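**Q** model the following, please.
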Amino acid sequence: MDTNQLCELETLCRVLYESTNESERTHAQQAVLILQSSAEYIPQCQYVLDHSSSPYALLVASTSLTKLITSHWNNFTTPQRVDIRNYVLGYLAQKGPTLEKFVTTSLIQMVCRLTKYGWFDDEQHREIVAEVTKFLQATVDHCVIGLQILSELVTEMNLPIVGRNITFHRKIAVSFREDSLFRVFQVALTSIKQLQMHNIGGATPQQEAKMGDQALTLLIKCLSFDFIGTNLDESSEETGSLQVPTLWRSVIQDPDTLQLLFDFYSITNPPNTSKCLEALMLFASVRRNLFSPDKERSVYLAHLLKGICAILRTQEGLSDHQNYHEFCRLIGRLKSNYQLTELMNTDLFVEWMDLTPEFTVKSFRQWQWSANSTHYLLALWARLVAALPYVRAESMPCSGTINFLDLRVPQIIQAYMQSRLESAEQCALDDTLDNPLDDEGGLYEQLEKLPTLCHFNYRQTGEYIVSVLDPILNQYAEACSILDQTGRATIPLQQQQQLASMENRVAWVVYTIGAILGGQTYSSTSTEGNELVDADLSQRVFRAMQLTEHRIIASGGHAKPSVHFELSLLYYFSSFRKSYIGEQHGMPSAPTPSSAMQLASSGSVSSPIMAPTESVMSSKHKAYVRMFERLGLGDHTVVVNMMVTKVGNNLKFWGETEVIISKTLALFFEVASGYSSGKLLLGLETVQYLIGNHTAEEFPFLAIPANTRHRTTFHSTIARLIFTTAFDESSERFERFMEPIENVLSQLLQTLNYRVPEVREAVTGVCRDLRGIVQQTHNRHTYSCIFDLLYPAYFPVFVRAADELYDYPAVTTALLKFLQELAYNKAQRLTFDQSSASGILLFRELSRVVVAYGRRIQLVPAGENPYDDKYKGVALCLGILYRALGGNYVNFGVFQLYNDKSLENVLEIALQLVLSIPHEDLMHYPKVKNAYFFFLEILFRNQLASVVALDDSIFRQLVQSLHEGMSSYDLAIAAQCATAVDHLASLYFQEMKKKRDTPVKHALHAHVQGSPNMWSTLLAALLDILVYGEANSQWALSRPILSLTLCSEEALTNYQQQLSSSQPPENRAQIEEAFAALFADVRPNLEATNRDKFTQKLGLFRNTLRGFLTIQ
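**A** Now for the predicted structure:
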């Protein structure tokens, strides 16, 4: 590279990062990426680093150099790798302080990558901490860079290496942990100590802040290191203790360590203050058995509590939002890592007990400020409550402590509720505020903590919730009554805000009630009387529902409440179902739907459920009955009917609100999925109406494009109900249920033009409906009913749709997914009579659809969105064939016997579709890749003769795909490909033993002649995986090794020689012995017993080699 070329590169880099013209950026990117294409460009990258002053050019050069070294690692000698690392370290020492931050970061990442990859190559790599110490002892700017190098090094050592097995990664990580991590940890603490004591001579405040940031970041990364290979996520409150090494004990136990962080917190500024608190949170999570003796842990906890109480007392730094958030995490960790007894035995517990509730209440009141931190505080109190039963009275430090939660927990609950109600009111008045109800993830995080808290003194909590909810419901009922009387179509803004305020306040309370019911499911061990509180709370929820349902129905769906109100009701009903709908909760067994209907038609007003006598009623059932009596709405059948009616109304009136349709159908499916509840639903009038009237005219949501995918769930749920009972009893229902679908299919048969929008929508809808129904056919009888209804009358609709609507992905996706479900032989439902040709007929119809679609779609070029426009359809076609070819319901020999081209045509089109997709695209899209490899496996398993008959170039391409798939990180794909190779090698071995010539033998011989290294390549890949890969893939990938060896002894000999030549001379005799032992007593056949013996010996072979080979 010369000066002119450097200027040209700098211009391209500036365009790449600064230009607003996309085509210019694309051109520039393609031009500069050439630097990453070959190891030959390493000198050019170094030239750029040495001579350029453009930060963008330096960034491109450093990232390219990193990628080249990573990709071509084996092309460098060990001294070259060390020289490159030293070059970059020297470059950072010389120019680092003047470089842009992103350039420095990129160069540091290169140093750390080199260090990790070469960790076992040369001792100089393992002395990186000593090298970086030179930076720490130089100027302040160099010290910052040194800390950044160590921080990035810890990160690099903690992350698995892409393209290397996890064993290799853990070997390096453990070595780094043992040799260097503790020194790095000490460097971080020492740096913070120097800053705290102002011992950094000549440093400006800005430099001290940078140094503090890097030192604290390094400390956090050291504590967050994956010490034992369990990938702990320190951000989760459910993680276990940090498994810091025993070597660290003296530093961790030293009181000065914690005090240093508390002191530094008090003198530094944000954002470093929040990092201090994050580090303290990690220190609070250190494993119990690190401390020896246990007294040291008590001293440690006391010191931690002292610092926390000081912050609580002074509120120092808590006006910063990030500080506040990390402090909530810190106090939340106290109870997750320490027992309540341990906390109580500290001298400062009483003070902490006074300060923490005040802090919690204040936090809840400032709901906008604490939105992301609330669940940490709720979790703390929930853990305290959950631990109280295990604390003995004699362990209390004073008599007044024993009842501290009796006073504090109600305060916490009430403060939480009041703050949520205030948030609802303020958000109704000011729509620019972030409504906590909009954050479903954060909302559910809070709700899951409430059951434990509220059940601490459930009766008192229930009374409080009732006292809060009743006045709001009364106001809301009055407002609704006034609106009904005036009958105004439009509501003034002020009244809209008032209604929204009341509805969202009710929503918060209903969510709370739902959380309490759902999180504390009723059992025989529940406190007696809890079910009465459940009833009192539920009574208010049903009243709230009745108020809104009346308005919605009366207004024809125009006077709907807020979405949040409706979602809270659905959340509550889901929780109510978990707690009270089902025999395990005390619900009586349901009769058959026919008997329920007979009783209903006879005019009996009593429940069709016969209650057991008093003498045999379990305590659980007694409580169940008391609950429904207290509820005052009727028995459980009445309540379930109200829920299902609610479902029906939602589907009728909320069609344009997708989230409500989604959650309504999810609730409907939950209720229908229970055996007893499903049978109960079939006896309800609402469900009977749904069975015969599931059309867009009755339920407009079915016609709205956004809800298209919900049609599947809707019909699947109804079908599940119909198929719940003995099918003979449901045949009349089934006919009524299928009638609207048959009407659509009949109209489509007579339609001339399929490409008009309404026809496309009809095809999409009916395919989604049918898919949902077929999903619920779990036995031969129910599946046959669907198949007999569709064949032969309506399959022409599907063939025409595939042929004429191939370029409408929304249609073809629905069609192909339906056929994929139809082809699926789950639970052996596709088992036809011996005299039936249904399996063959089904395959023939499926092949017609795939061929019709495939011939059209393969001519469509991949556009801007190739996956949605083309590849998704191809993947679904492969999925259909995978299920059809492997379903064991077709005798494929029939097609050749009767000269039927269905099988031949569909395999040909499938291969054409696959080969029409560029290889990089095939590997890029996971669903396409999975479908392709699973299709290959079934092809090599069931249609190997057809594969062998393929053209040599296509055959080689398929085998190359299997070779690539065996090395996949996805074990399922690797196993499928290994199995396919085993089928191929087994066939070759068996055919070559035959004396007579056959077409298959001739074709196989020709393929091997055309690819003489095929067996060697496949065997080498499998043996590499066996020796160097993960143990969990051993069995699946070892099966083909025997068959490959029998195909070509030369392939085995070549691998053994290659392995020996790569090892030191002293290992070669051991390698030879290991291979000899592997094949001792193994016979040259593929009998099952011989295979099993060989597979077992492969495990010993692997362990033997790994005992002395260098794993790289």
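**Q** just give the nearest non-adjacent residue to T1045, would you?
**A** Ranked by CB to CB, 6 or more residues apart in numbering and with sequence neighbours excluded, the top spatial neighbour of T1045 is L1052, at 5.0 Å. C-beta here means a position set from N, CA and C on the backbone, and glycine is covered the same way.
**Q** pull the CA atoms of the helix or strand containing the one you found into PDB?
**A** Here L1052 is covered by helix 1049-1061, with elements defined by DSSP states H and E. This file holds the C-alpha atoms of helix 1049-1061, laid out as PDB (Å, rounded to 0.1, in the frame of the first residue of the first chain):
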ATOM      1  CA  GLU A1049     -10.200 -48.700   5.000                       C
ATOM      2  CA  GLU A1050      -7.900 -46.300   3.200                       C
ATOM      3  CA  ALA A1051      -9.900 -43.400   4.600                       C
ATOM      4  CA  LEU A1052      -9.200 -44.700   8.100                       C
ATOM      5  CA  THR A1053      -5.500 -45.200   7.500                       C
ATOM      6  CA  ASN A1054      -5.200 -41.600   6.000                       C
ATOM      7  CA  TYR A1055      -6.800 -40.100   9.100                       C
ATOM      8  CA  GLN A1056      -4.600 -42.100  11.500                       C
ATOM      9  CA  GLN A1057      -1.500 -40.900   9.600                       C
ATOM     10  CA  GLN A1058      -2.700 -37.300   9.500                       C
ATOM     11  CA  LEU A1059      -3.400 -37.400  13.300                       C
ATOM     12  CA  SER A1060       0.000 -38.900  14.100                       C
ATOM     13  CA  SER A1061       1.900 -36.400  11.900                       C
END
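**Q** which positions in that helix come out as buried?
**A** The neighbour-count criterion (16 or more other CB atoms under 10 Å) identifies A1051, L1052, N1054, Y1055, Q1056, L1059, S1060 as the buried residues of helix 1049-1061.
**Q** packing partners of that helix?
**A** Judged by 3 or more CB pairs under 8 Å, 6 or more residues apart in numbering; DSSP states H and E, the packing partners of helix 1049-1061 are helix 1014-1028, helix 1034-1047, helix 1065-1079.
**Q** what's the single longest helix in this structure?
**A** With secondary structure taken from DSSP state H, the chain has its longest helix at helix 458-486.
**Q** could you give the mean pLDDT of it?
**A** Within the predicted structure, the mean pLDDT of helix 458-486 is 91.
**Q** which helix or strand lies directly C-terminal to it?
**A** On the C-terminal side of helix 458-486, the closest following helix or strand by DSSP H and E is helix 493-519.
**Q** show me what that following helix is packed up against.
**A** Contacts of helix 493-519 with other secondary structure elements, assessed using 3+ CB pairs under 8 Å, 6+ apart, are made with helix 404-429, helix 440-447, helix 450-454, helix 458-486, helix 530-554, helix 563-580.
**Q** repeat the analysis, applying 6 Å as the threshold.
**A** Contact analysis of helix 493-519 by 3 or more CB pairs under 6 Å, 6 or more residues apart in numbering; DSSP states H and E lists helix 404-429, helix 450-454, helix 458-486, helix 530-554, helix 563-580 as its packing neighbours.
**Q** and that helix, what's buried?
**A** For helix 493-519, the buried set under the neighbour-count rule, 16+ other CB under 10 Å, comprises 497-519.
**Q** run through who's touching the helix holding L1052.
**A** Applying CB atoms under 6 Å, 6 or more residues apart in numbering, the external contacts of helix 1049-1061 come out as W1015, S1016, L1019, A1020, L1023, T1045, R1068, I1071, F1075.
**Q** do that again at 8 Å, thanks
**A** With contact meaning CB atoms under 8 Å, 6 or more residues apart in numbering, helix 1049-1061 is reached by 1015-1016, 1018-1020, 1023, 1044-1045, 1067-1068, 1071-1072, 1075.
**Q** ok, now stretch 762-770?
**A** The set of residues external to stretch 762-770 that reach it, using CB under 8 Å, 6+ apart, is 694, 696, 702, 708-709, 711-712, 714-715, 741, 744-745, 747-748, 754, 786, 790, 797-798, 801, 805, 810-811, 814-815, 817-818, 822.
**Q** can you show me the CA trace of it as PDB?
**A** In PDB, the C-alpha atoms belonging to stretch 762-770 read as follows (Å, rounded to 0.1, in the frame of the first residue of the first chain):
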ATOM      1  CA  ALA A 762     -61.200 -16.700   1.800                       C
ATOM      2  CA  VAL A 763     -58.500 -19.200   0.900                       C
ATOM      3  CA  THR A 764     -56.200 -17.900   3.700                       C
ATOM      4  CA  GLY A 765     -59.000 -18.000   6.200                       C
ATOM      5  CA  VAL A 766     -60.200 -21.500   5.400                       C
ATOM      6  CA  CYS A 767     -56.700 -22.900   5.500                       C
ATOM      7  CA  ARG A 768     -56.000 -21.400   8.900                       C
ATOM      8  CA  ASP A 769     -59.300 -22.700  10.100                       C
ATOM      9  CA  LEU A 770     -58.700 -26.200   8.900                       C
END
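**Q** distance from the chain centre to stretch 922-941, please.
**A** Relative to the centre of its chain, stretch 922-941 is centred 22 Å away, using CA atoms, centre = their mean, to the nearest Å.
**Q** and the contacts of that stretch?
**A** Counting by CB under 8 Å, 6+ apart, residues outside stretch 922-941 touching it are 867, 871-872, 874-876, 878-879, 881-882, 885-886, 907, 910, 914, 917, 921, 946-947, 958, 961-962, 964-965, 968, 970, 972-973, 976-977, 979-981, 983-984.
**Q** if we go to 6 Å?
**A** Residues outside stretch 922-941 that contact it (CB under 6 Å, 6+ apart) are 867, 871, 875, 878-879, 882, 885-886, 947, 965, 973, 976-977, 979-980, 983-984.
**Q** one more: stretch 795-808?
**A** Outside of stretch 795-808, the residues within contact range by CB under 6 Å, 6+ apart are 745, 748, 754, 760, 763, 811, 815, 845, 848-849, 852-853, 856-857.
**Q** save those residues as CSV, and put in secondary structure too.
**A** Output for the contacts of stretch 795-808, formatted as CSV (DSSP: H, G, I helix; E, B strand; the rest coil):
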residue, secondary structure
L745, helix
L748, helix
Y754, coil
R760, helix
V763, helix
V811, helix
L815, helix
E845, helix
R848, helix
V849, helix
A852, helix
Y853, helix
R856, helix
I857, helix
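**Q** dump those to a markdown table, plus pLDDT, distance to L33 and neighbour count.
**A** Below are the contacts of stretch 795-808 laid out as a markdown table (pLDDT from 0 to 100; distance: CB to CB, whole Å; neighbours: other CB atoms under 10 Å):
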| residue | pLDDT | distance to L33 | neighbour count |
| --- | --- | --- | --- |
| L745 | 97 | 53 | 22 |
| L748 | 97 | 50 | 19 |
| Y754 | 95 | 45 | 18 |
| R760 | 96 | 42 | 17 |
| V763 | 97 | 44 | 28 |
| V811 | 97 | 39 | 24 |
| L815 | 98 | 40 | 29 |
| E845 | 97 | 48 | 22 |
| R848 | 98 | 45 | 19 |
| V849 | 98 | 42 | 24 |
| A852 | 98 | 41 | 19 |
| Y853 | 98 | 37 | 28 |
| R856 | 96 | 36 | 17 |
| I857 | 96 | 32 | 22 |
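**Q** can you list the low-confidence ranges for the stretch 51-200 of the chain?
**A** Along the stretch 51-200 of the chain, the model assigns pLDDT under 70 to residues 162-167.
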